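**Student:** sequence plus the predicted model coming up.
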Amino acid sequence: MRDTVGLSDAIRNVEDVLARTHAPGREELEGILARAEALAGLQLDDSAALLAVDDPAQIELICSAAGRVKDAVFGPRVVLFAPLYLSNYCSNDCLYCGFRRSNTGGARKALTPEEAVEQARYLSSKGFKRLLLVAGENHGRHGVDYLVDVAGAIYAGTDIRILHVNCAPLTVDGFRRLKAAGYGVYQCFQETYHPDTYARMHPAGRKKDYMFRLSAMDRALEAGFGDVGIGALLGLYDYRYDVLATIAHSRHLAEVYGAAAHTISVPRLRHAEGAALADAPYPVTDQEFRKIVAVYRLSVPTAGVVVSTREPAELREDCLDIGASQISAGSSTEPGGYGAEEHAATQFDVSDLRELSEMIGVIARKGLLPSLCTSCYRSGRQGSDFHDAASSGAMRDLCTPNALLSLKEYAQDSAEGEVKGLCEEAVAKVAEGVEEPLRRDLMTKLARVQAGERDVHY
Ligand code: SAM
Ligand code: SF4
C-alpha cells in the first residue's frame, strides 16, 4: 500500500490549524477568495479561515466566489444521478443509521441481481444513465461477489452507462474486482474524522476500525480506481474539524496520486427510523451548510460537490448557485423502493421528493444546464487526466457540449409536456453560444441524436 502515514499526519494537523485560525478581516478574506478564483485550490489555513467566517455578508462573498469557481471549472452544467439501494443488511451498528444491526424494526432486504436490473430499468426509463449503487456492509452474503454479479447484470440487461458504488471499504484485491466489474467511482464517507467521536458512533462491526476506513481510498486507488468520492456526515462532530479534515484528505490524495477527490459529498444527518441517535450532536444550520458547500468548492475546485435529497428543495436549489455541481433526484433509500408497493427499512428520510423531470425543469429555469452525461468514465478521462483538465478550465469546454447532447437525448426519450419544451429550448440556446469551430461539430452531433442515434458524446 502506498501512503497512509501521510494521511494520518494530515488529519492530526487539522486540530493545530483550527487552533491558530481566526475569522479573517475583509481584506484578508478578499485575498483568500482571489487565490481561490485562480482555481489552484486553497492551503488548509485559508480553508480554515473561510470556515471561521460567521458574518452573513462575508458568507455571501464566499458563496458568490464559489459560484464563479464552479462556473469556471464545469460551466453551467449540473449532473443528475440516482442512488440504487441494493441491500439493507448490515453487520455494523452506526448510531445514526436505520440499517444498523440492532434495529430490529424494519424489514431486511437484499435485491437479487434480477431485481437490481428491474430497479435500474425503472430508473433508466425515467432518463437516468448513471446510478450510484449503495449497500450495507455484509461481507458474507452481499460482499464483493454480489456487487460484481449485480454490476454484470445491470450492464448486460439495461442501457445504464455507468455504475458508481458506495459500499464498505474493501481490501486492495476486493477493489480490483469491483473495478474490473466496471464500477466508475468508489465512494465512501469517513463520517467523522475525529477519532473519539468515530469510536462512539461506530461501536460494533468492521466499521469500528477507524484506520481501515481512513485508508480505504489509498487501497481503492492502489487497485486501479481512478476516481474516488469522499465526505463527512455533518452533524456528528464540529463541522469545522470534519470539513477541514475532508479537504486535508483530498489534498493527501492529490499529493500522493496526482488527483484530488473526484467528488466530495455533503451528507447532513437526517432522522432515521430505528437509529440510536435522536438528534445531531452538532447540528449544522442551513446557513452553515451553504458555507460548507462553498468552502469545498473553493478549496477543491475540481471536485464534483454533491448535494443529495437529504436536503430540502429550496436549499438544494440555492446550492447550485454556490458551488454544488451534482445532485441526486427522485431518490429512494430503500432496497427495491422504486415503483414499489411494499416497503423495507429505509436508511434515512429523504427531504426533497421531486422526481428527475421536475428537477430538470427547475435547473433549466434557473438558466443552468441539466446533464445526464457519463462521458468521462468511458472516455478514459479519470484520475489525474480529469484533474488536470478540470484545473486548467478545459473541462468546461467538454462538459457543456456533453451536457447538451445528453439533454437532447433526454428530451427525445423521456421528457414530457412543458419539461420537453424547456429542454429543447435550453439546448438550442446554449448550443448557439458555443464558439466555432466546436459549434459546427456539436450541431452535427445534435442532429445525429435527433435522428435517433444514442450515446453520442465527446
Ligand atoms: N454501508 C456503507 C457505509 O457505511 O459506508 C455504505 C453505504 S451507507 C448506506 C451511505 C452513507 O449514508 C453513510 O456513509 C452515511 O454517511 C450516510 N448516512 C447513514 N445514516 C444517515 C442518516 N441518518 N442521515 C444522513 N445520512 C446518513
Ligand atoms: Fe451499515 Fe453503512 Fe448504515 Fe453504518 S452507515 S449501519 S455501515 S449501512
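**Tutor:** Looks like it arrived, so ask away. Ligands and ions are numbered 1, 2, ... in the order given.
**Student:** going by C-alpha atoms from here, please, whenever you check contacts or count neighbours.
**Tutor:** Noted.
**Student:** number of residues surrounding whichever residue of the stretch 351-458 of the chain sits closest to ligand 2?
**Tutor:** Residue of the stretch 351-458 of the chain nearest ligand 2, by Cα to the nearest ligand atom: residue 351 (18.1 Å). Neighbour count of residue 351, defined by other Cα atoms under 10 Å: 14.
**Student:** hmm, who's touching stretch 32-50?
**Tutor:** 17-18, 21-24, 29, 62, 65, 68-69, 73, 240, 244, 247-248, 295, 298-301, 391-392 (Cα atoms under 8 Å, 6 or more residues apart in numbering).
**Student:** can you point out the buried residues in it?
**Tutor:** 32-33, 35-37, 39, 41-50 (16 or more other Cα atoms under 10 Å).
**Student:** so which of those residues comes closest to residue 306?
**Tutor:** residue 41 (17.6 Å; Cα to Cα).
**Student:** and that closest one, its phi and psi?
**Tutor:** phi 80, psi 180 (degrees, to the nearest 10).
**Student:** check which helix or strand covers the residue positioned nearest the centre of the chain.
**Tutor:** The centroid of the chain falls nearest to residue 306 when counting by Cα atoms, centre = their mean (3.8 Å). Per DSSP states H and E, residue 306 falls inside strand 304-307.
**Student:** show residues contacting that strand.
**Tutor:** 262-267, 293, 296-297, 316, 319, 323-328.
**Student:** please save the CA atoms from stretch 371-388 in CSV.
**Tutor:** What follows is stretch 371-388, C-alpha atoms only, in CSV (Å, rounded to 0.1, in the frame of the first residue of the first chain):
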residue,chain,number,x,y,z
SER,A,371,-26.7,16.9,-17.5
LEU,A,372,-27.1,13.2,-17.7
CYS,A,373,-23.6,12.8,-19.2
THR,A,374,-21.4,9.8,-18.5
SER,A,375,-18.7,10.5,-20.9
CYS,A,376,-15.6,10.9,-18.8
TYR,A,377,-15.7,7.5,-17.2
ARG,A,378,-16.0,5.8,-20.6
SER,A,379,-13.5,8.1,-22.5
GLY,A,380,-10.7,7.4,-20.0
ARG,A,381,-10.8,10.9,-18.5
GLN,A,382,-10.2,9.8,-15.0
GLY,A,383,-7.9,10.4,-12.1
SER,A,384,-5.1,12.8,-12.9
ASP,A,385,-6.3,13.3,-16.5
PHE,A,386,-9.6,14.6,-15.3
HIS,A,387,-8.0,16.6,-12.5
ASP,A,388,-5.6,18.3,-14.9
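**Student:** can you pull the residues of the chain lying near ligand 1?
**Tutor:** The chain comes close to ligand 1 at residues 96-97, 134-137, 166-168, 188-189, 191, 233, 267-272, 347-348, as judged by Cα under 6 Å from any ligand atom.
**Student:** filter those residues down to just the ones in strands.
**Tutor:** 134-135, 166 (DSSP state E).
**Student:** now the contacts of stretch 32-50: which count as buried?
**Tutor:** By neighbour count, with 16+ other Cα under 10 Å, those hold 17-18, 21, 24, 29, 62, 65, 68-69, 73, 240, 244, 247-248, 295, 298-301, 391 as buried.
**Student:** filter the residues you listed down to just the ones in helices.
**Tutor:** In helices, judged by DSSP state H, the following of the buried ones among the contacts of stretch 32-50 are found: 17-18, 29, 62, 65, 68-69, 73, 240, 244, 247-248, 295, 298-299, 391.
**Student:** ok, now which ones touch the residue in the stretch 101-250 of the chain that ligand 2 sits nearest to?
**Tutor:** Relative to ligand 2, the nearest point of the stretch 101-250 of the chain is residue 136 (3.7 Å; Cα to the nearest ligand atom). The contact partners of residue 136, taken as Cα under 8 Å, 6+ apart, are 87-91, 99, 167-168.
**Student:** gap between stretch 171-185 and the chain center?
**Tutor:** 18 Å (Cα atoms, centre = their mean, to the nearest Å).
**Student:** for it, which positions count as buried?
**Tutor:** So stretch 171-185, judged by 16+ other Cα under 10 Å, has buried residues 172, 174-179, 181-185.
**Student:** tabulate those residues in JSON lines, adding columns for distance to residue 227 and pLDDT.
**Tutor:** Output for those, formatted as JSON lines (distance: Cα to Cα, whole Å; pLDDT from 0 to 100):
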{"residue": "172", "distance to residue 227": "15", "pLDDT": "97"}
{"residue": "174", "distance to residue 227": "16", "pLDDT": "97"}
{"residue": "175", "distance to residue 227": "12", "pLDDT": "98"}
{"residue": "176", "distance to residue 227": "13", "pLDDT": "98"}
{"residue": "177", "distance to residue 227": "15", "pLDDT": "98"}
{"residue": "178", "distance to residue 227": "13", "pLDDT": "98"}
{"residue": "179", "distance to residue 227": "11", "pLDDT": "97"}
{"residue": "181", "distance to residue 227": "15", "pLDDT": "98"}
{"residue": "182", "distance to residue 227": "13", "pLDDT": "97"}
{"residue": "183", "distance to residue 227": "10", "pLDDT": "97"}
{"residue": "184", "distance to residue 227": "7", "pLDDT": "96"}
{"residue": "185", "distance to residue 227": "5", "pLDDT": "97"}
